[in-house]
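[1] show me how the following folds:
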Amino acid sequence: MTDGRYVYCIIENNSSADLGNIGLYDGLVYQIHFKDISALVSTIPFKEIHPSVNEINSHQHVVESSRAKWTTLPVRFGTVFKTDDGVKQFLTRSYKELQSKIAKFKDKEEYGLKVIIDKNDLQKLDLKISENKEIKKIKEELESAGEGTSYFLKMKMDEAIRTEMLKKVDEIGGDIHAQLSKVSATSCTLRSELAEIMLNSSYLIDRNEKEKFDSQVHKIKKKYEPIGITLHVSGPWAPYSFC
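    The predicted structure follows:
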C-alpha cells in the first residue's frame, strides 16, 4: 500500500527537531518546512482513517507535545497528503494565513469551561417569581378559580415558572461567559449535547494573564456554587477552538 503523510499541526519553528516515535502507529513525527513555519507529520498508509480512541489520543498527544515546545496550530484529525511535497505545497498556499494565526496565538493557551447545573438544585436559583407579571396574574386568578379552572391554571403556572427558570439559567451562563471574556484575548461558546451543561465555552489566555483568569474563575465559583452550579475548567490546550 502507498504511504501518505499525516499532518498533526503547524508550528512557528523551522529547525530540524522531531518529536520521536509518538505519532499514529508509533510513527516518527518530523518536520516539513516552508520559510519560518513547519508542519509536523508522520508516515502512515495512504487510506481513510477512522477516528478510534487510540488514533485520536495519538493525534492529541503529538499536538500537546508540540505545544510544550512551540506555538502550535492544530490541524483537523484525519488530514493526509500523498507526499512531503504535497504538504509543502499546502504550507506555501496557506503561508500568510498560517503565519498570521501563529502570531495571534503566540504565548497564548486555550482553556475550556463547562458550567453544569443540577436539575435538583434549580429551586435554589433566585427567580424572583413574585415580581413576574404573568405568574402574579395566575396566582390572583387561582384565588377565585373553581376546581376545574384551577387545574389548568396550575399547569399554566408550572410552565411559567419553568420558563423563568430557563431565563435565569441563560442569564447566569451569559454572566459567567462575559466575566471570563474580559480577562481573555478572545473567547467562544460551543455546542453542548447535554441539557445539564448550561455553558460550554473556550478562552484564549495570554500566559502572563493566567492569574487573572484563575482569580476570575474563583470569584465566579464563590458566587454560583452555593446555588448548585459547578464550573469545570480544563487546559491548557493548543488553540483547538480558535483554528
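
[2] grab the nearest non-local neighbour of the residue nearest the centre of the chain.
    Nearest to the geometric centre of the chain sits Ser202, at 4.1 Å (Cα atoms, centre = their mean). In space, and not counting its chain neighbours, Ser202 is closest to Ser241: 3.8 Å by Cβ to Cβ, 6 or more residues apart in numbering. Any C-beta I mention is one placed from the backbone N, CA and C, and that applies to glycine too.

[3] cool, Gln216 as well?
    Leaving aside its sequence neighbours, Gln216 sits nearest to Val183 (Cβ to Cβ, 6+ apart; 5.1 Å).

[4] now name the helix or strand holding Gly4.
    Under the criterion of DSSP states H and E, Gly4 resides in strand 3-11.

[5] may I see the buried residues of that strand?
    Residues 4-11 are the ones in strand 3-11 that count as buried (16 or more other Cβ atoms under 10 Å).

[6] picking that back up, give me phi/psi at the residue nearest to Ser202?
    phi -80, psi -10 (degrees, to the nearest 10).

[7] between the buried residues of strand 3-11, which sits nearest Gln99?
    Ranked by distance to Gln99 (Cβ to Cβ), the buried residues of strand 3-11 are led by Ile10 at 9.4 Å.

[8] so who does that closest one touch?
    Listed by Cβ atoms under 8 Å, 6 or more residues apart in numbering, the contact set of Ile10 reads 37-40, 72-73, 75, 91, 98, 102.

[9] let me have these in JSON lines, extended by neighbour count and pLDDT.
    Listed next are these as JSON lines, based on neighbours: other Cβ atoms under 10 Å; pLDDT from 0 to 100:
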{"residue": "Ile37", "neighbour count": "23", "pLDDT": "95"}
{"residue": "Ser38", "neighbour count": "25", "pLDDT": "96"}
{"residue": "Ala39", "neighbour count": "25", "pLDDT": "96"}
{"residue": "Leu40", "neighbour count": "26", "pLDDT": "97"}
{"residue": "Thr72", "neighbour count": "27", "pLDDT": "95"}
{"residue": "Leu73", "neighbour count": "25", "pLDDT": "96"}
{"residue": "Val75", "neighbour count": "19", "pLDDT": "96"}
{"residue": "Leu91", "neighbour count": "19", "pLDDT": "97"}
{"residue": "Leu98", "neighbour count": "20", "pLDDT": "96"}
{"residue": "Ile102", "neighbour count": "19", "pLDDT": "95"}
